[in-house]
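Visitor: The following block contains a protein sequence and its predicted model.
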Amino acid sequence: MEDIVQIKYALDTFYFLICGALVMWMAAGFAMLEAGLVRAKNTTEILTKNITLYAVASVMYLLVGYYIMYSGDEGGIMPNLGLLIGSENAVEDVLAGGDDAPYYSARADFFFQVVFVATAMSIVSGAVAERMKLFAFLTFAVIMTGFIYPIQGYWSWGGGFLSEAGFSDFAGSGIVHLAGASAALAGVIILGPRKGKYGSNGQINAIPGANLPLATLGTFILWLGWFGFNGGSQLIVSNIEDANAVAQVFVNTNASAAGGLIAALVVARILFGKADLTMALNGALAGLVAITADPLSPGGFQATLIGAVGGVLVVFSILGFDKIKIDDPVGAISVHGVVGIWGVLAVLLTNSDATIGGQLLGIVSIFLWVFITSLILWTILKAVMGIRVTEEEEYGGVDLSECGMEAYPEFTSSK
């Protein structure tokens, strides 16, 4: 019997780690997607943001974030920060106490959770692209990944008040995606649109990305990584019931992405008379976000429909934000925020244990907490160090002003 327990423990730990590695690979997906959807002159800077934010998230979640997320009382609003301040190495204490769990190593859980934090921060990166100062963004990343995200994560996955209220979010349509989009929305409001995006007469000017092959590659990488994102959230795979559940999660994740892409492409064709690749890519991502709150309960056809609704929503959301002059170069706020809300509500369609009160409370709580704290933090950063590059630097490209090098020097060099 002891040998069986050890085998199950090893298998579940290994599965957890592999899923975490898949989610980590999503960082490459975000980097490629965003690099493809910005102009050539801003490519190096956005790549620098994406790889650095992953490192920042890893360090901050190790130092404080993981402890904050899993240190509070059941049903609480704020974690026990007093213990954190009084401990020499609180996170290490939490991890060291968890390896006697019957299913998997606590360190595997930490690794899986840290890549989720980085995903939330990656959402912010694309929305504020092409006009934000690099170190202002990274300063925000320190607070977002170390404190803002973990506190609202504690409310649900750490046993806080949203968990007690019955809020259901299997893998993070709200906890990860809505949280990231809320921080992004606050940043975009304080930052303002890119120069030339909106005309004085209400005209909306398209600013095409430089590399659609890269954007497409990024979407495929994210699609692949999402199997770890949702599949790993089942936590274990070492028995028949959980193995079947993981298989269903994979099927639904894939079906929802496909439904979202097809729906977005069809809607774009109806609206624009052309097949819009960028809308199709965002439609696939919208389908993935939509199913993330509950990728287990629906059947494959239901998952396809949930994703399709997300694909329709994302097209109209991107157009709607442009009309109110919210400039989001990659559509991140629409994909992860608007469709994240849909994903949380869609749980009610297939999960009889979910309640509309619990789902709405989760949406409102996550949005208000992250949006308000982010708005305050962006405002402070703007006053203290400035968050936007100069008009001249924006015109020349933030690659040169922020990084001193170009991604495509033979094509964009001003020499």
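Guide: Thanks, I have it. Given the structure is predicted, the values throughout are model-derived calculations rather than measurements.
Visitor: Sticking with V339, tell me its helix or strand.
Guide: Here V339 sits within helix 339-350, counting by DSSP states H and E.
Visitor: residues in contact with that helix?
Guide: 168-170, 173-174, 177-178, 181, 286, 289-294, 297-298, 302, 306, 309-310, 313-314, 317, 354-356, 359, 362-363 (Cβ atoms under 8 Å, 6 or more residues apart in numbering). Bear in mind the C-beta positions are built from the backbone N, C-alpha and C, glycine included.
Visitor: what about 7 Å?
Guide: 168-169, 173-174, 177-178, 181, 286, 289-294, 297-298, 302, 306, 309-310, 313-314, 354, 356, 359, 362-363 (Cβ atoms under 7 Å, 6 or more residues apart in numbering).
Visitor: Check stretch 218-225 too.
Guide: By Cβ under 7 Å, 6+ apart, stretch 218-225 touches 22-23, 25-26, 28-30, 32-33, 36, 257, 281, 284-285, 288.
Visitor: Any idea how far that stretch is from the middle of the chain?
Guide: For stretch 218-225, the separation from the chain centroid amounts to 13 Å (computed by Cα atoms, centre = their mean, to the nearest Å).
Visitor: Check stretch 122-135 too.
Guide: With Cα atoms, centre = their mean, you get 14 Å for stretch 122-135.
Visitor: mind listing what's buried in it?
Guide: For stretch 122-135, the neighbour count (16 or more other Cβ atoms under 10 Å) marks 122-134 as buried.
Visitor: Tell me who's in contact with N351.
Guide: Residues in contact with N351, defined by Cβ under 7 Å, 6+ apart, are S168, D294, S297.
Visitor: Run a quick neighbour tally on the closest residue to the second one other than its chain neighbours.
Guide: Closest residue in space to D294, ignoring its immediate chain neighbours: V347 at 4.4 Å, by Cβ to Cβ, 6 or more residues apart in numbering. Other residues lying near V347 total 26 when counted by other Cβ atoms under 10 Å.
Visitor: just D73 next, same as before
Guide: Count around D73 with other Cβ under 10 Å applied: 13.
Visitor: how much space between it and F161?
Guide: From D73 across to F161, the span is 10 Å (Cβ to Cβ, to the nearest Å).
Visitor: what does I77 give?
Guide: Using Cβ to Cβ, we find I77 at a distance of 6 Å from F161.
Visitor: Compare neighbour counts for these two and give me the winner.
Guide: F161 (19 against 14).
Visitor: Is that one in contact with G75, as I believe?
Guide: Yes - if you go by Cβ atoms under 7 Å, F161 and G75 touch, sitting 5.4 Å apart.
Visitor: And the pLDDT at the closest residue to G174 other than its chain neighbours?
Guide: In space, and not counting its chain neighbours, G174 is closest to V344: 4.6 Å by Cβ to Cβ, 6+ apart. Here, the pLDDT recorded for V344 equals 98.
Visitor: count of neighbours near V344?
Guide: 29.
Visitor: SS state for G126?
Guide: helix (DSSP: H, G, I helix; E, B strand; the rest coil).
Visitor: quick one: contacts for it?
Guide: E34, P329, V330, A332.
Visitor: Repeat the analysis, applying 10 Å as the threshold.
Guide: Applying Cβ atoms under 10 Å, 6 or more residues apart in numbering, we find G126 in contact with 30-31, 33-35, 37-38, 46, 49-50, 180, 184, 328-333, 335-336.
Visitor: Let's see stretch 314-326 as CSV, backbone CA atoms only.
Guide: Below are the C-alpha coordinates for stretch 314-326, written out as CSV (Å, rounded to 0.1, in the frame of the first residue of the first chain):
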residue,chain,number,x,y,z
VAL,A,314,-14.6,39.9,-28.2
VAL,A,315,-15.2,41.4,-31.7
PHE,A,316,-17.9,43.8,-30.5
SER,A,317,-15.9,44.6,-27.3
ILE,A,318,-12.8,45.5,-29.3
LEU,A,319,-14.9,47.8,-31.5
GLY,A,320,-16.7,49.2,-28.5
PHE,A,321,-13.5,50.1,-26.6
ASP,A,322,-12.2,51.9,-29.7
LYS,A,323,-15.4,54.0,-29.8
ILE,A,324,-14.8,55.2,-26.3
LYS,A,325,-11.1,55.8,-27.0
ILE,A,326,-9.7,53.0,-24.8
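Visitor: what separates it from the chain centre, distance-wise?
Guide: 19 Å.
Visitor: remind me which residues of the chain are low pLDDT?
Guide: Applying pLDDT under 70 to the chain flags the ranges 1, 80-102, 412-415.
Visitor: Sketch out the strands for it, chain order is fine.
Guide: Applying DSSP state E to the chain gives no strands.
Visitor: Can you check which helix is longest in it?
Guide: Determined from DSSP state H, the single longest helix within the chain is helix 2-37.
Visitor: now the residue nearest to G174: how far from Y54?
Guide: For V344 relative to Y54 (Cβ to Cβ), the value is 26 Å.
Visitor: The nearest residue to L265 once chain neighbours are set aside: how many residues sit nearby?
Guide: Leaving out its chain neighbours, the residue that sits closest to L265 by Cβ to Cβ, 6+ apart is A280, at 4.4 Å. A count of neighbours around A280, defined by other Cβ under 10 Å, yields 22.
Visitor: okay but A280 is in contact with A258, surely?
Guide: No - taking contacts as Cβ atoms under 10 Å, A280 lies outside contact range of A258: 11.1 Å.
Visitor: Please name the nearest non-neighbouring residue to A257.
Guide: Nearest residue to A257, sequence neighbours excluded (Cβ to Cβ, 6+ apart): G287, at 4.3 Å.
Visitor: And for the one you found, the neighbour number?
Guide: For G287, the neighbour count with other Cβ under 10 Å is 36.
Visitor: Hmm, it is touching L281, no?
Guide: No - using Cβ under 10 Å, G287 is not in contact with L281, being 11.0 Å away.
Visitor: any common contacting residues for these two?
Guide: Common neighbours of G287 and L281, counting by Cβ under 10 Å, 6+ apart, are W223, L261, A264, V335.
Visitor: so what's the residue nearest to A257 up against?
Guide: 223, 226, 253-264, 303-304, 306-311, 314, 335, 339, 343.
Visitor: burial of S352, as a residue count?
Guide: Applying other Cβ under 10 Å, I find that S352 has 7 neighbouring residues.
Visitor: ignore the last one, G75
Guide: The tally of other residues near G75 (other Cβ under 10 Å) stands at 13.
Visitor: what's the answer for I262, then?
Guide: Other residues lying near I262 total 18 when counted by other Cβ under 10 Å.
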